[in-house]
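[1] coordinates only, sequence not included:
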């Protein structure tokens, strides 16, 4: 199903009403903490599949940061306070953890941006409790891969799930979401945008995508 310009605008409109779009401006160099090797393979495969939509390379290391995508799996937010040097990566880690604990949050993502506004690094925190713990590894990995490919709004997927389950049980990125990621990484478009008219440019590219 084709996304309308209004749908696309909502994907990148923050709760405060501002439009904020950003994509990765460099290869993604991931590192994952807190999972077994089998699950690690599922996560990396999902990340590779989604990165291919945007023609983004998955690298062993980032020359500036070493790893520019860090994914943490844990059971309680307090565990983050024991991670060495994490407070250097996440500003005000203590108060942030306290707010996430109070909200009983299951996930949190933080991004860093380069001088052009493109995504430079991302930090993903997944608390494996409740609904999060009930997800199978493939669904969880693919959902997170989609979520970190762009700077989506807080409510981008509140009314439209990014994944679909095929008749054979396989979980895939919905065609319209895959097309939006492809359009977002069109080299003609800027790596970051704050003007809602950017959504119209994305819509124009989606109209030409044969995969929708």
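    Right, received. Where do you want to start? Please read all numbers here as calculations on a predicted model, not as lab measurements.

[2] give the contact list for the most centrally placed residue in the chain.
    Residue closest to the average C-alpha location in the chain (C-alpha atoms, centre = their mean): residue 148, at 1.3 Å. With contact set as C-beta atoms under 8 Å, 6 or more residues apart in numbering, residue 148 has these partners: 69, 109, 122, 124. C-beta: built from backbone N, CA, C; applies to glycine.

[3] Next, please give the residue ranges for the strands of this protein.
    In the chain, the segments counted as strands under DSSP state E are 21-22, 30-33, 69-74, 107-113, 119-127, 163-165, 171-173, 192-193.

[4] right, so of the ones you listed, which gets closest to residue 101?
    strand 119-127 (9.4 Å; C-beta to C-beta).

[5] Can you name every helix or strand that the closest one contacts?
    strand 69-74, strand 107-113, helix 137-149 (3 or more C-beta pairs under 8 Å, 6 or more residues apart in numbering; DSSP states H and E).

[6] All the helices of this structure, in order from the start?
    Counting by DSSP state H, the chain has helices at residues 5-11, 37-53, 86-89, 93-102, 130-134, 137-149, 175-184, 197-206.

[7] The ones you listed into a markdown table, with extra columns for distance to residue 78?
    Listed next are the helices of the chain as a markdown table, based on distance: least, C-beta to C-beta, whole Å:
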| stretch | distance to residue 78 |
| --- | --- |
| helix 5-11 | 33 |
| helix 37-53 | 22 |
| helix 86-89 | 12 |
| helix 93-102 | 7 |
| helix 130-134 | 17 |
| helix 137-149 | 22 |
| helix 175-184 | 34 |
| helix 197-206 | 40 |
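
[8] wait, which of these is closest to residue 59?
    Among the helices of the chain, helix 37-53 sits nearest to residue 59 (C-beta to C-beta), with 10.2 Å.

[9] Endpoint to endpoint, stretch 52-64 covers what distance?
    22 Å (C-alpha to C-alpha, to the nearest Å).

[10] contact partners of that stretch?
    Applying C-beta under 8 Å, 6+ apart, the external contacts of stretch 52-64 come out as 23-24, 26-30, 44, 47-48, 51, 67-68, 121, 149, 173, 178, 181-182, 184-185.

[11] Count the residues that sit near the nearest residue to residue 15 once chain neighbours are set aside.
    Distances taken as C-beta to C-beta, 6 or more residues apart in numbering place residue 154 nearest to residue 15, at 5.4 Å, with adjacent residues excluded. A count of nearby residues for residue 154, using other C-beta atoms under 10 Å, gives 10.

[12] for residue 69, same thing?
    21.

[13] And residue 132, by the same measure?
    Using other C-beta under 10 Å: residue 132 sits among 15 other residues.

[14] One more: residue 32?
    For residue 32, using other C-beta under 10 Å, the count is 18.

[15] beta partners for it?
    residue 71 (DSSP bridges).

[16] got a list of what it touches?
    Residue 32 touches 40, 43-44, 70-71, 73, counting by C-beta under 8 Å, 6+ apart.
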